[in-house]
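1. requesting a structural model of the entry that follows:
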Amino acid sequence: MFSGLRLALPLLLMLAASLLSGCAQMSSVSRDTPVVAEQADQQRRTEIRMALAAAYYDEAQYVSALQEAERALKISPQRADLHGMRALILMQMGQTPEAEHSLRQALRLDSVSPELQNNAGWFYCQTGRSAIAMPYFERAIASRSYATPAKALLNAGLCSLRSGDIERAEHYLSRAIESDPRNAVAHANLARIFYKRADYHRAQRHILLAVKGESIAADHLLMAIRIEKKLGDRNAEQSLASQLRRMFPDSPQLVAYLRGESDE
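-> This next block holds a predicted model:
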């Protein structure tokens with residue numbers, strides 16, 4: 001969810017401790033430094049705390065992530081991206097009212113950020129308010145400054161699926177693939193749409209692209225097995241089943257397949 005440099009959490013903690021110590025030493029010996037130097041020091045300390053919060057978030061250590069985000073906010077309370085980060089963390093912790101408060105604060109501070117618009121859309125979709133979510137996604141998608149429009153297109157597609165608007169979901173997911181042809185999640189969800197329409201050849205084309213990526217999901221492999229079974233390709237089905245067994249030996253998807261539950 002967060003963008004930027006990713007390091008292993010233990011290494012990042014060591015680097016952060018060293019850098020924060022350095023910042024403190026600089027402050028103690030340079031109390032009369034110019035405003036520019038103080039602002040640079042403030043920004044460094046904020047970025048370190050943000051990186052820690054993102055690392056904890058990626059490890060699902062949400063309490064620690066929240067602590068770091070709030071430490072960063074104490075340093076830079078007017079940073080919209082920090083309020084947005086806090087909102088995402090609180091959402092994962094199930095603290096919906098507090099998350100919405102932080103999100104609104106972020107949008108008040110920066111009403112045009114496409115990243116915040118996308119995050120707001122995802123928040124409202126996740127809390128069952130798809131009608132409110134979609135305009136946020138549209139604003140993110142329309143922004144020329146958005147470096148990763150495929151994210152908002154994918155989220156808009158997933159949100160449309162959640163609300164039962166299949167045609168709209170297909171539209172957004174197809175556009176997500178145009179923007180990012182290797183988007184495995186978009187391919188897999190389009191495969192599900194075509195599978196339910198009994199359009200198995202189009203479903204196969206998308207699911208095979210999904211399971212050839214670097215990050216293969218058990219759900220995607222099970223969907224690929226279902227599709228090959230419908231197409232009557234026993235060899236392909238068995239090959240994918242072997243892959244599922246090898247990569248996800250303890251997964252519920254493998255259990256479902258072995259029990260003969262691979263057909264929806």
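
2. show me where this structure has helices.
-> For the chain, helices defined by DSSP state H occupy the ranges 9-29, 35-58, 62-75, 80-92, 96-109, 114-126, 130-142, 149-162, 166-179, 184-196, 200-210, 218-231, 234-247, 252-258.

3. please save the CA atoms from the longest one in CSV.
-> Provided in CSV are the C-alpha atoms of helix 35-58 (Å, rounded to 0.1, in the frame of the first residue of the first chain):
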residue,chain,number,x,y,z
VAL,A,35,16.0,27.7,9.7
VAL,A,36,16.8,25.8,6.5
ALA,A,37,19.0,23.4,8.4
GLU,A,38,16.4,22.9,11.1
GLN,A,39,13.8,22.1,8.4
ALA,A,40,16.1,19.6,6.8
ASP,A,41,16.6,17.9,10.1
GLN,A,42,12.8,17.8,10.7
GLN,A,43,12.2,16.3,7.3
ARG,A,44,14.9,13.6,7.8
ARG,A,45,13.4,12.6,11.2
THR,A,46,9.9,12.5,9.6
GLU,A,47,11.0,10.4,6.7
ILE,A,48,12.7,7.9,9.1
ARG,A,49,9.5,7.6,11.1
MET,A,50,7.4,7.2,8.0
ALA,A,51,9.7,4.4,6.7
LEU,A,52,9.4,2.6,10.0
ALA,A,53,5.6,2.9,10.0
ALA,A,54,5.5,1.6,6.4
ALA,A,55,7.8,-1.3,7.3
TYR,A,56,5.7,-2.3,10.4
TYR,A,57,2.6,-2.0,8.2
ASP,A,58,4.0,-4.4,5.7
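
4. tell me the buried residues in that helix?
-> 41, 44-46, 48-57 (16 or more other Cβ atoms under 10 Å). For every residue, glycine as well, the C-beta is placed using N, CA and C.

5. now the helices of the chain as CSV including mean pLDDT?
-> Converted to CSV, the helices of the chain look like this (pLDDT from 0 to 100):
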stretch, mean pLDDT
helix 9-29, 50
helix 35-58, 80
helix 62-75, 92
helix 80-92, 93
helix 96-109, 95
helix 114-126, 94
helix 130-142, 96
helix 149-162, 97
helix 166-179, 97
helix 184-196, 96
helix 200-210, 97
helix 218-231, 96
helix 234-247, 95
helix 252-258, 92
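
6. my read: residue 241 touches residue 225, true?
-> Yes - proximity of residue 241 to residue 225 meets the contact threshold set by Cβ atoms under 8 Å, at 5.8 Å.

7. looking at the two, which one has more neighbours?
-> Taking other Cβ atoms under 10 Å, residue 241 and residue 225 do not tie; residue 225 has more neighbours (25 against 20).

8. tell me the spacing between that one and residue 238.
-> According to Cβ to Cβ, to the nearest Å, residue 225 stands 9 Å off from residue 238.

9. same check, this time on residue 165
-> In terms of Cβ to Cβ, residue 165 sits 36 Å off from residue 238.

10. what do you get for residue 189?
-> Residue 189 sits 25 Å away from residue 238, taking Cβ to Cβ as the criterion.

11. so those two - more neighbours on which side?
-> residue 189 (25 against 12).

12. residues touching that one, list them.
-> Counting by Cβ atoms under 8 Å, 6 or more residues apart in numbering, residue 189 touches 157-158, 161, 169, 173.

13. can you check residue 195 too?
-> 203, 223, 226-227, 230, 264.

14. determine which two of those are furthest apart.
-> Largest separation among the contacts of residue 195 by Cβ to Cβ: 203 and 264, giving 11.7 Å.

15. and residue 97, how many neighbours?
-> Close neighbours of residue 97, defined as other Cβ under 10 Å, add up to 8.
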